[in-house]
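S.K.: Sequence and predicted structure are below.
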Amino acid sequence: MPLMAIVSRLRRGDLFFSRLRRQLAAAVAVCPFTSSAAHDAGTGVSGPHLPVLIVGAGPVGLVLSMLLTKFGIKCAVLEKSLSFSRHPQAHFINNRSMEIFRKLDGLAEEIESSQPPVDLWRKFIYCTSLSGSILGSVDHMQPEDFEKVNSPVCVAHLSQYKLVNLLLKKLEKLGMHVYRHDPSDDWEPDSPLEKRILMGHECTSIQSTNEGVIVTARVHNGTTLEERRLHCSILIASDGARSTIRRLVGVEMKGERGLQELISVHFMSMDLGNFLLKNRPGMLFFVFNQDAIGVLVAHHLEQGEFVLQIPYYPPQQNYQDFSPQACEKIISKLVGWALQDVQVLDIKPWVMHAEVAEKYLTCNNRVILVGDAAHRFPPAGGFGMNTGIQDVHNIAWKIFYFLKEVASSSVLQTYESERRPIAISNTNLSVENFKAAMSVPSALGLDPTVANSVHRAINTGLGSIIPKNMQKAVLEGIFSIGRAQLSDYVLNEKNPVGVMRLEKLKRIFAEGKSLQLQFPAHDLGFCYTEGALVADTSENTQNCNRAGSGRVSREYIPTGRPGSRLPHMHVKPFTAASTEETLSTLDLVSGDKPEFLLIIAPLKASYHMARVILTKAEELRVLLKVCIVWPHCSCQSRSTGSRAELEPWKNYIDVEECKKDRSWWDMCCLTNKGVLLVRPDEHIAWRTESDRVADAVSEAEKVLSRVLGL
Ligand SMILES: Cc1cc2nc3c(=O)[nH]c(=O)nc-3n(C[C@H](O)[C@H](O)[C@H](O)COP(=O)(O)OP(=O)(O)OC[C@H]3O[C@@H](n4cnc5c(N)ncnc54)[C@H](O)[C@@H]3O)c2cc1C
């Protein structure tokens with residue numbers, strides 16, 4: 001029956017269709033944009049069907065496209081812009097993201113060689129001007145960061161657009177091609193979509209089908225516009241903080257909106273770079289003086305690349321007030337003299353929110369939100385992009401097993417139950433860290449919450465009835481009175497108020513109560529409590545990292561608790577050619593395929609458990625490798641290893657602990673009868689002790705079914 005006839009009979013209230021109408025209503029409730037037209041065989045979709053379509057070529061979408069391509073899952077990326085953004089934005093890459101990048105064909109090593117030397121960015125500096133008095137300085141690196149105690153890799157500092165460039169080079173090597181809709185490009189609409197990053201493709205609408213999602217993209221080629229419809233099994237929304245897809249599927253954000261508005265000025269100045277390089281190298285410079293206030297992010301001192309963040313109070317202030325010339329003036333006020341070589345590249349207003357999407361998956365788990373589309377935090381602590389990268393690391397292997405029909409679609413649902421609580425915890429932490437950043441101006445008598453309240457009062461209270469230009473004058477008057485607190489007259493050692501404020505400031509820095517950069521307990525210690533894992537409550541929780549408990553502790557405590565990231569420890573493979581050749585336990589998990597890892601000790605009962613799990617995994621088509629951790633100095637076992645115990649299986653590795661002072665099992669809070677099942681994203685899915693398992697076959701079945709949502 002033609003679609004229009006169905007629609008008109010539905011409208012007439014035809015009894016025959018009343019049941020169908022109820023069913024449709026139920027479907028619409030699940031996915032508000034479900035279109036009956038989309039269920040037609042003739043969907044009008046040009047081009048082939050694609051397993052995964054990623055909307056948004058920011059760092060998060062690109063990392064996912066790389067993970068999926070490595071796993072052999074066909075995907076394409078749509079990007080609305082005609083070129084990649086050059087605005088530096090994110091720059092701090094935390095430990096966990098660097099661990100993920102280590103597995104992306106050496107991306108971490110390239111980041112390390114492209115970033116500025118660590119001594120140029122390890123500090124946050126608080127000053128009255130970039131050439132004036134230093135109010136305080138905080139070093140964010142600790143000796144253990146360089147000793148690689150908790151992780152085989154260090155944190156890094158590289159501008160987001162440079163990271164995107166490195167990612168694009170890696171993707172190119174995997175055969176992923178950036179298509180710019182250029183006449184010289186020979187790609188036709190009907191040619192395969194996979195391995196394409198389609199620039200100038202803006203997703204404007206989506207429709208759910210029985211097999212997936214139809215995406216309509218408006219295609220810009222700079223001068224003309226056309227429409228293209230693409231059909232995929234899974235649609236990934238990595239389209240950023242103002243996600244179109246999130247809006248189209250009607251997912252709300254929950255949290256605090258509009259914490260602060262800022263103007264971001266991207267500029268180059270070799271003079272400033274050289275001056276800071278010589279006199280006070282650092283990553284962030286918080287400048288407070290009578291004429292201006294701002295936070296300068298030194299993206300690369302040696303290249304003279306900076307971003308200045310300036311508080312912005314619309315509608316009394318306009319975006320037009322921040323012309324390149326006006327920004328140059330503000331820069332001079334913050335520097336303390338007029339730089340001759342400032343080149344303003346970009347000026348962007350932005351709003352700081354602290355929000356998490358109420359749902360991460362919709363439309364029968366076919367539409368999945370990742371990165372900023374799923375959460376937006378204050379940048380304090382650098383959690384935004386890092387959390388997004390960890391989101392897609394979590395979902396990639398689940399998509400693989402779902403599309404291969406090994407796991408049920410409920411495995412995709414575990415992405416939400418695992419990642420959403422982490423986003424909420426990171427939101428809280430970022431807000432706390434943002435407040436900590438505000439403690440410095442507050443101590444100086446310049447309370448930003450007062451400025452925000454005054455601004456709100458002008459916008460909503462009695463102030464809103466005075467003319468706009470007068471509102472602006474009132475606001476600027478109040479701000480200049482506030483900034484007068486920063487004058488040399490107040491802030492000096494002879495003025496009792498100044499002495500009191502400077503003392504307070506010293507205490508804030510000494511007690512670590514200002515803005516912090518590293519949170520190993522969160523970055524490495526975040527733990528999933530429910531999801532694609534078998535929860536285990538046996539461990540003393542005091543011994544665990546508790547994400548969500550705020551800035552309390554910097555310390556990361558390794559654990560083998562299910563849901564945690566596999567602890568890092570150096571081990572030596574039996575096959576190592578030299579005594580120096582060691583691996584991190586994290587390297588035992590493949591980065592090229594979505595393979596599970598079973599870690600056991602060389603004991604009879606553990607080998608038995610391994611054989612049973614290998615058999616079950618093979619039956620279910622789950623990739624699995626076994627690692628046998630031998631105690632330190634197991635030289636006599638080297639010649640035979642585990643061959644006799646694990647034959648005919650070949651996918652195993654014998655390794656020896658490198659350290660004698662702490663055993664692997666001790667670190668995982670297990671005895672040496674321990675058995676650990678690790679997921680392809682390096683999080684522990686299950687643990688037990690081989691002598692605790694009565695029926696290995698039913699246990700193996702239970703565990704794998706649980707993890708795969710069978
Ligand atoms: C000042 C500042 C400093 C920051 N510092 C850090 C930091 O140090 N560390 C950190 O981890 N995070 C930081 N962040 C946050 C970080 O920049 C973001 O979290 C990150 O950009 C999110 O990446 P994404 O890929 O999810 O989204 P985005 O980078 O926003 O990418 C989304 C992409 O989708 C495209 N798009 C949007 N709509 C559509 C559509 N309809 N169709 C097709 N394409 C579309 C956009 O053009 C864009 O290219 C900072 C943010 C700010 C503002």
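M.R.: Nice, I can see it.
S.K.: Could you count how many residues lie near the residue lying closest to residue 281 once chain neighbours are set aside?
M.R.: Residue nearest to residue 281 in three dimensions, not counting chain neighbours: residue 120, with 4.5 Å by C-beta to C-beta, 6 or more residues apart in numbering. To be clear about C-beta, it is placed using only N, CA and C from the backbone, and glycine gets the same treatment. Here the number of neighbours of residue 120 (other C-beta atoms under 10 Å) works out to 19.
S.K.: How much space separates residue 120 from residue 128?
M.R.: Residue 120 is 22 Å from residue 128, where distance means C-beta to C-beta, to the nearest Å.
S.K.: ditto for residue 305
M.R.: Separation of residue 305 from residue 128 (C-beta to C-beta): 24 Å.
S.K.: Check residue 202 too.
M.R.: Between residue 202 and residue 128 the computed distance is 46 Å (C-beta to C-beta).
S.K.: What of residue 533?
M.R.: Distance from residue 533 to residue 128, by C-beta to C-beta: 52 Å.
S.K.: Low-confidence stretches in the stretch 151-300 of the chain?
M.R.: Within the stretch 151-300 of the chain, the set of residues satisfying pLDDT under 70 comprises 182-191.
S.K.: can you pull up the bridge partners for residue 232?
M.R.: Counting by DSSP bridges, residue 232 forms beta bridges with residue 50, residue 213.
S.K.: which residues touch it?
M.R.: Residues near residue 232 by C-beta atoms under 8 Å, 6 or more residues apart in numbering: 49-53, 212-213, 215.
S.K.: Among these, find me the one that's closest to the ligand.
M.R.: Of all the contacts of residue 232, the one with the least separation from the ligand (C-beta to the nearest ligand atom) is residue 215, at 9.0 Å.
S.K.: From the structure, what's the count of residues near the closest one?
M.R.: When counting by other C-beta under 10 Å, one arrives at 25 neighbours for residue 215.
S.K.: I figured it hits residue 50, correct?
M.R.: No - with contact defined as C-beta atoms under 8 Å, residue 215 and residue 50 do not form a contacting pair (9.5 Å).
S.K.: what is in contact with those two at once?
M.R.: Common contacts of residue 215 and residue 50 (C-beta under 8 Å, 6+ apart): 230-232.
S.K.: okay, residue 438: pLDDT?
M.R.: The per-residue pLDDT reported for residue 438 equals 86.
S.K.: Tell me if the longest helix seen in the chain is near the ligand.
M.R.: The helix spanning the most residues in the chain, taking DSSP state H as the definition, is helix 410-443. No - for a cut-off given as C-beta under 6 Å from any ligand atom, helix 410-443 has no contacts with the ligand; the smallest distance is 9.6 Å.
S.K.: now swap in stretch 237-257 and tell me
M.R.: Yes - contact of stretch 237-257 with the ligand is found when judged by C-beta under 6 Å from any ligand atom, involving 238-241, 244.
S.K.: isn't residue 171 right next to residue 64, touching?
M.R.: No - if you go by C-beta under 8 Å, residue 171 and residue 64 don't touch, sitting 11.0 Å apart.
S.K.: Between those two, which is the more surrounded one?
M.R.: A count of neighbours by other C-beta under 10 Å puts residue 64 above the other of residue 171 and residue 64, at 29 against 23.
S.K.: The more buried one and the ligand: what is the separation?
M.R.: Spatial separation of residue 64 from the ligand under the definition C-beta to the nearest ligand atom, to the nearest Å is 9 Å.
S.K.: count of residues packed around the nearest residue in space to residue 689 that is not next to it in sequence?
M.R.: Distance criterion C-beta to C-beta, 6+ apart; nearest residue to residue 689, sequence neighbours excluded, is residue 673 at 4.2 Å. Around residue 673 sit 18 other residues, with neighbours defined as other C-beta under 10 Å.
S.K.: ok, residue 673 - contacts?
M.R.: By C-beta under 8 Å, 6+ apart, the residues touching residue 673 are 601, 603, 605-606, 689-692.
S.K.: Just the buried subset of those, written out for PyMOL, thanks.
M.R.: Of the contacts of residue 673, the buried ones can be selected in PyMOL as follows, counting by 16 or more other C-beta atoms under 10 Å:
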select buried, resi 601+603+605+606+689+690
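S.K.: Which ones among the contacts of residue 673 lie within strands?
M.R.: In this view, the contacts of residue 673 that belong to strands under DSSP state E are residue 689.
S.K.: hang on, the earlier thing: who's more crowded, residue 533 and residue 128?
M.R.: Under the criterion of other C-beta under 10 Å, the comparison of residue 533 against residue 128 puts residue 533 first, with 25 against 20.
S.K.: In the stretch 401-550 of the chain, what residue lies closest to the ligand?
M.R.: With distances taken as C-beta to the nearest ligand atom, the stretch 401-550 of the chain approaches the ligand most closely at residue 517, which sits 9.0 Å away.
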